[in-house]
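A.B. asks: I'd like to go over a predicted model; first the sequence, then the structure.
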Amino acid sequence: LVLITVVVFIHEYGHYYFAKRYGVGVTDFSIGFGREIFGWNDKSGTRWKVCWIPLGGYVKFFGDRNVFSQSEQQETINKYSDEEKSKLFILKPLYQRSLIVAAGPIANFVLAIVIFSMINMFVGKDLTPAIIDEVQIDSPAYIAGIKKNDKIVTIDNNEVLSILEVSTFIGTSTREVIEFTVLRNDQLVTLYVKPNLVQGKDSLGNSVKKRMIGIRLSPPFNKEFKKQPLGPSKAIYYSIKEVWFVSVTSLKYLGNMLVGSADSSQLGGPIRIAKITGQVAEYGVVPFLSITAYISISLGLINLFPIPMLDGGHLMFYFFEKVLGRPLNQKTQEGFFRIGLFLLFSLMFFATYNDLKDLGLF
């Protein structure tokens, strides 16, 4: 609940901030859906409230409604006074409406960058070189030619700065054959490894399908990981890099899942989020902040999908409006909304099914 409340609040505050900046009236700022538990009104008339169903939130603009045609738009406008018209979202320039809508997902990415930056500056980033300590006989790595004492430099063109990144890059690779660049005797060597897919457990004990290549790595410095606090500029740089990596990897995974080449059982919903968050929270504040950042990235990314009812769907409509010089007509928008509703319910159903299956209920 804490995690969802934080990421949803930041998302909605992104919308709220730019709406207020451009003079749009905001009537409601809600965390959760359904009946209100408690709330208050601020000086500008916005109702800030917390509702019973905590799986999301919304910001409601003054006079907010779908405008399907120019005639309907004019009908709506004529109901308001000149002062009220200045607060209407639908009368704002297209670029302002687009920024207000896009600000929610952008705020989620900014939150993730801030969290990662704080961790990098105050806790430190692991910079232990990824030097191979052992290669199992007849393993995929052995067959590919990887040797003991090789230093892994890149995996699928992703620079490896830490021993901890190796399993991440292998596990999130979408390729059937993974490209490794290793440093051997002061020379760079490129090798191609086809991993084995095995059923195993992640660090939290959850059942997952893991990509294994048969290597063991160990810290060379007194067998301890080398965490180094970073300065602000480096901390922000690596944080942006992490957000970019997670976003690109997630999109690749979803793309491969759609064409049937990725393991769809790894897609989870609120139940799995709650389970993993609870497990991670037991390890302390820093792991909890990290999972908050990753969930924030996911929320921002999903909301940019061009599906009606999501922020990306509104941006898609604004794109058409820019190209056509007018909003899409009612019939077309309703068609898009039906498709969007079907896609969202299908995704929710599938994710929930995976969650329940993960709990052993199916």
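C.D. replies: Arrived safely, thanks for sending.

A.B. asks: CA atoms for contacts and neighbours, from now on please.
C.D. replies: Fine.

A.B. asks: quick check: closest non-adjacent residue to residue 289.
C.D. replies: Take residue 289 and drop its neighbours on the chain: the residue closest to it by C-alpha to C-alpha, 6 or more residues apart in numbering is residue 115, 6.7 Å away.

A.B. asks: pretty sure the one you found sits against residue 287.
C.D. replies: No: using C-alpha atoms under 8 Å as the test, residue 115 is too far from residue 287 to be in contact (10.9 Å).

A.B. asks: for the stretch 151-300 of the chain, what spans make up the helices?
C.D. replies: For the stretch 151-300 of the chain, the helices defined by DSSP state H, counting those that start in this stretch cover 165-172, 232-258, 270-281, 285-303.

A.B. asks: what about residue 113, how many residues nearby?
C.D. replies: Other residues lying near residue 113 total 24 when counted by other C-alpha atoms under 10 Å.

A.B. asks: distance check, it against residue 126.
C.D. replies: The gap separating residue 113 from residue 126 is 17 Å, by C-alpha to C-alpha, to the nearest Å.

A.B. asks: which stretches of the stretch 151-300 of the chain have low pLDDT?
C.D. replies: For the stretch 151-300 of the chain, residues meeting the criterion pLDDT under 70 lie at 202-206, 220-225, 262.

A.B. asks: more neighbours, residue 115 and residue 287?
C.D. replies: Per other C-alpha under 10 Å, whichever of residue 115 and residue 287 has more neighbours is residue 115, with 19 against 16.

A.B. asks: residues contacting that one?
C.D. replies: Contacts for residue 115 were tallied using C-alpha atoms under 8 Å, 6 or more residues apart in numbering; they are 289, 290, 293.

A.B. asks: so who does the nearest residue to the last one once chain neighbours are set aside touch?
C.D. replies: Ranked by C-alpha to C-alpha, 6+ apart and with sequence neighbours excluded, the top spatial neighbour of residue 293 is residue 112, at 4.3 Å. Taking C-alpha under 8 Å, 6+ apart as the contact definition, residue 112 lies against 239, 243, 292, 293, 294, 296, 297.

A.B. asks: spell out the secondary structure type for residue 112.
C.D. replies: helix (DSSP: H, G, I helix; E, B strand; the rest coil).

A.B. asks: now do the one 5 residues further on
C.D. replies: Going by three-state DSSP, the secondary structure assigned to residue 117 is helix.

A.B. asks: I'd say it and residue 239 touch.
C.D. replies: Yes: the pair residue 117 / residue 239 is scored as a contact, 5.6 Å apart, by C-alpha under 8 Å.

A.B. asks: could you check which of those two is surrounded by more residues?
C.D. replies: Taking neighbours as other C-alpha under 10 Å, residue 117 and residue 239 compare with residue 117 leading, 25 against 22.

A.B. asks: thinking again about what came up before, the residue nearest to residue 289 and residue 228: what is the separation?
C.D. replies: Using C-alpha to C-alpha, residue 115 is found at 17 Å from residue 228.

A.B. asks: with residue 10 instead?
C.D. replies: In terms of C-alpha to C-alpha, residue 10 sits 29 Å off from residue 228.

A.B. asks: please apply the same query to residue 337.
C.D. replies: Distance, residue 337 to residue 228, by C-alpha to C-alpha: 49 Å.

A.B. asks: can you check residue 290 too?
C.D. replies: Counting by C-alpha to C-alpha, the gap from residue 290 to residue 228 is 17 Å.

A.B. asks: ok, residue 34 next?
C.D. replies: Remark: distance between residue 34 and residue 228 (C-alpha to C-alpha) = 46 Å.

A.B. asks: ok, residue 44 - contacts?
C.D. replies: For residue 44, counting by C-alpha under 8 Å, 6+ apart, there are no contacting residues.

A.B. asks: using the three-state scheme, assign it.
C.D. replies: Strictly by three-state DSSP, residue 44 counts as coil.

A.B. asks: ranges for the strands of this structure?
C.D. replies: Under the criterion DSSP state E, the chain carries strands at the ranges 26-41, 47-61, 125-126, 132-135, 151-155, 158-159, 178-184, 187-193, 196-201, 207-212, 215-217, 227-228.

A.B. asks: which one of those strands is the most hemmed in?
C.D. replies: Of all the strands of the chain, strand 151-155 carries the top mean neighbour count, a mean of 22, counting by mean count of other C-alpha atoms under 10 Å.

A.B. asks: same for that one, what does it pack against?
C.D. replies: With contacts taken as 3 or more C-alpha pairs under 8 Å, 6 or more residues apart in numbering; DSSP states H and E, strand 151-155 sits against helix 165-172, strand 178-184.

A.B. asks: from residue 137, how far out is the spatially most central residue of the chain?
C.D. replies: What sits nearest the mean C-alpha location of the chain, by C-alpha atoms, centre = their mean, is residue 298, with 1.8 Å. From residue 298 across to residue 137, the span is 39 Å (C-alpha to C-alpha).
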